[in-house]
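Student: Below are the sequence and a predicted model; questions follow.
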Amino acid sequence: MIGNYLGGARSVLNAGEYRALYLAYGSLPIQLSAARRLAGLIPPEWEPYRNQYLGEVQRHAVEFVQRAAEREGCAAFCDSFPRNVLIGGMLAEIFPDALFVLTLRHYTGVIQSLLRLGTIRLLPGNEEQVDWVDPTAVAAGAPWSRHYQASFNLPDDRTLVFGYDRFCAAPEDTLRRFKRALGSAGFPVAELDDARFAQSHATEPGKERPTAGRADGSGVHLAPIPSYDAATWTATKELEVRDAVWPTDQLLRTIFPGDYAAPAGYPWPYAPPPTAAPASPAPTARAVEAESQAARPEDHPRAPAGGRAPEPRREPDRRPAANKSPRARRARER
């Protein structure tokens, strides 16, 4: 939703879920390097060509979308692929002028959306005690937690946040605040069209979802809408997912108290998790450690724009990106 809103600005090319940046910098390096763990699978004489291929793919992914933006007369582009957050640190280096926008949404709505659309089946199955063949709410909760933990690699000074559940509960106030943050960051707020909120996004054909915007002859009017399906989110489902999402949920509450919130009417906002056995041990340990150290930073804001990219690395650094974010360092200290 928010990607289509920002991409609707006249000077911004809406690339939708471009995906090529994540493919080139996130997925492809892993695929190409997997064989290196076994001796003899990559002949020494082929290694330089493998590196060359990776570099050319990465360079193409960057330059292609930049050329497309220029061809359309746009000064920037917007790529709203959610998994970009997993390579956010690298993107911050590749696009030094980019603005990042992190949408904060409670796990209930995200889990329901992933299961409704069936996209959970496309995610890599590397979480313990999760059934990826017959996806469950726990399976959908694990990537929710992983993605928000990865968001701590985004640069503090170039990252804005948008509270989805707060928007659904109080759209006019939330949008007004978000626009102020965008304007302060240099985004062309005057080019935005609130009518975008009257369009249903991420839906199955013929099954439109409720929208916060209502368009009529007098303009666009915003009104509260549910941010999750309360009727299908049962106490049993809540108990199933708590161990997988609770530490990250509490961490987001601590860092973004003005933007991250439970959905309106959510009946279990502060109850402790029912058990102590996490479904995702490593991320949970980091999140619990981070929660004890998390300070309360200022409200942030930002979203990918274009920018001239340096030569892609031959072997991208797979460690957390080299950013100077105090929040990121606190979140990743062990």
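Tutor: Done, it's in. Numbering: from 1, shown residues only.
Student: Touching, residue 166 and residue 176? I think so.
Tutor: No - counting by Cβ atoms under 8 Å, residue 166 does not reach residue 176; the two are 11.9 Å apart. Just so you know, the C-beta spots here come from the backbone N, C-alpha and C atoms, and that holds for glycine as well.
Student: Please identify which of the two sits among more neighbours.
Tutor: residue 166 (24 against 11; other Cβ atoms under 10 Å).
Student: residues touching the more buried one, list them.
Tutor: Shown in contact with residue 166 (Cβ atoms under 8 Å, 6 or more residues apart in numbering): 174, 259, 261.
Student: Send me whichever strand or helix holds it as PDB with only the CA atoms.
Tutor: Here residue 166 is covered by helix 164-169, with elements defined by DSSP states H and E. The C-alpha trace of helix 164-169 is given here as PDB (Å, rounded to 0.1, in the frame of the first residue of the first chain):
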ATOM      1  CA  TYR A 164       0.200   0.600   9.400                       C
ATOM      2  CA  ASP A 165      -2.000  -0.400  12.300                       C
ATOM      3  CA  ARG A 166      -2.000   3.200  13.600                       C
ATOM      4  CA  PHE A 167      -2.900   4.300  10.100                       C
ATOM      5  CA  CYS A 168      -5.900   1.900  10.000                       C
ATOM      6  CA  ALA A 169      -7.100   3.100  13.400                       C
END
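Student: And the next helix or strand past it?
Tutor: Next along the chain from helix 164-169, counting by DSSP H and E, comes helix 171-184.
Student: which residues are in contact with that next one?
Tutor: Taking Cβ under 8 Å, 6+ apart as the rule, helix 171-184 contacts 160, 162-163, 166-167, 189, 192, 194, 197, 212-213, 222-225, 299, 301.
Student: filter these to the buried ones?
Tutor: 160, 162-163, 166-167, 192, 194, 197, 212-213, 222, 225, 301 (16 or more other Cβ atoms under 10 Å).
Student: Take these and keep only those in helices.
Tutor: 166, 167 (DSSP state H).
Student: Switch the buried ones among the contacts of helix 171-184 over to TSV; also include distance to residue 53 and pLDDT.
Tutor: Listed next are the buried ones among the contacts of helix 171-184 as TSV, based on distance: Cβ to Cβ, whole Å; pLDDT from 0 to 100:
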residue	distance to residue 53	pLDDT
160	35	98
162	37	98
163	41	97
166	44	97
167	42	97
192	40	97
194	44	93
197	42	92
212	45	86
213	45	81
222	48	90
225	46	94
301	37	34
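Student: Keep only those of the buried ones among the contacts of helix 171-184 that are in strands.
Tutor: Judged by DSSP state E, the subset of those located in strands is 160, 162, 163, 213, 222.
Student: Tell me who's in contact with the fourth one.
Tutor: Spelled out, that is residue 213. 171, 194, 195, 196, 197, 198, 199, 220, 221, 222.
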